[in-house]
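> need a structure here:
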Amino acid sequence: MPGDAEKSLLVRAVLQTGDLKMPMGGKLPDNQIEDLKTWIRAGAIWPQSHTAKANDGDFSITGPQRGFWSFKAFGNTAPPNINDKRAVNYIDRFLLARLKEEGIEPVAPADKRTLIRRATYDLTGLPPTPEEVDAFLRDRSPDAFAKVADRLLASPRYGERWGRHWLDVARYADSSGFQYDRDRPTAWIRAVALGDSLRVEARGVRRFSVAVRVSNWHSLYSMARPSPSPR
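Numbers count the residues shown, from 1 in each chain. As a prediction, the model looks like this:
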């Protein structure tokens, strides 16, 4: 409050007579506090700072900027013409073409036990149970891995694992932190809601997208459902 040092919140903070205490770690010397009071009584005059000028309206996006990958519209991309029996879907054809371009030979297909461990660790952060492994090994149906992917994507553990990354970006915490660290009693509701929304969204993801995440090679894709289009 310029002109009235006794009513100034800043003065009360540096005097450390209430809940708000500044600075952290100790109190200012008395002569500095008196200087602050004198400045406030004089009107708390502050030098004029530089004011940024508004843009003149000549802002433009360059061609290279418009060509940045995340700004491009979705479109249909024809998969490479690869004559290889290991390519069972469109993703395999893209992968094989790039590997051939780089002179890299694909690794051998993963066995089913390795496959379910990769998928479960990646999507939930936890190992599969012995019962889940045994059930997958006994399942000889063509969509055996698709069923595993559906189960994992619908699991609360999937939402918890991948929701954590978004909560970190949003700086989520159960308390305010810093000086007072007050509890946020309803903060957990946001975390649960985010985890649930991730699981709901994941149900619309095709099984081969799980394969993209958890394997370096096509054996995973061949056990998942192929894409219906080269999109």
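
> what number of residues lie near A5?
20 (other CB atoms under 10 Å). C-betas here are computed from N, CA, C, even on glycine.

> Please report the distance of it from G159.
The gap separating A5 from G159 is 54 Å, by CB to CB, to the nearest Å.

> and what of A149?
From A149 to G159 the distance is 15 Å (CB to CB).

> Can you pull the domain assignment for this structure?
5-41, 112-223 (automatic domain parsing).

> Single out the most deeply packed of those domains.
domain 112-223 (a mean of 16; mean count of other CB atoms under 10 Å).

> In this structure, where is pLDDT below threshold?
In the predicted model of the chain, residues 1, 48-58, 179, 187-231 satisfy pLDDT under 70.

> 90 instead?
1-30, 32-77, 82-92, 105-110, 123, 142, 146, 150, 153-231 (pLDDT under 90).

> so the closest residue in space to S141 that isn't next to it in sequence, which of the three states?
The shortest distance from S141 to any non-neighbouring residue, by CB to CB, 6 or more residues apart in numbering, is to K147 (7.8 Å). Of the three states, K147 takes helix under DSSP: H, G, I helix; E, B strand; the rest coil.

> D4 versus the residue sitting furthest away from the middle of the chain, what's the distance?
Distance from the C-alpha centroid of the chain peaks at A42, with 50.3 Å (CA atoms, centre = their mean). Distance, A42 to D4, using CB to CB: 11 Å.

> With E34 instead?
15 Å.

> Doesn't T114 lie inside a strand?
No. Under three-state DSSP, T114 sits outside any strand and is assigned helix.

> residues in contact with it?
Contacts for T114 (CB atoms under 8 Å, 6 or more residues apart in numbering) come out as none.

> Which residue ranges of the chain form helices?
9-15, 30-41, 63-66, 90-102, 112-124, 130-138, 144-153, 156-169, 187-202, 207-214, 219-223 (DSSP state H).
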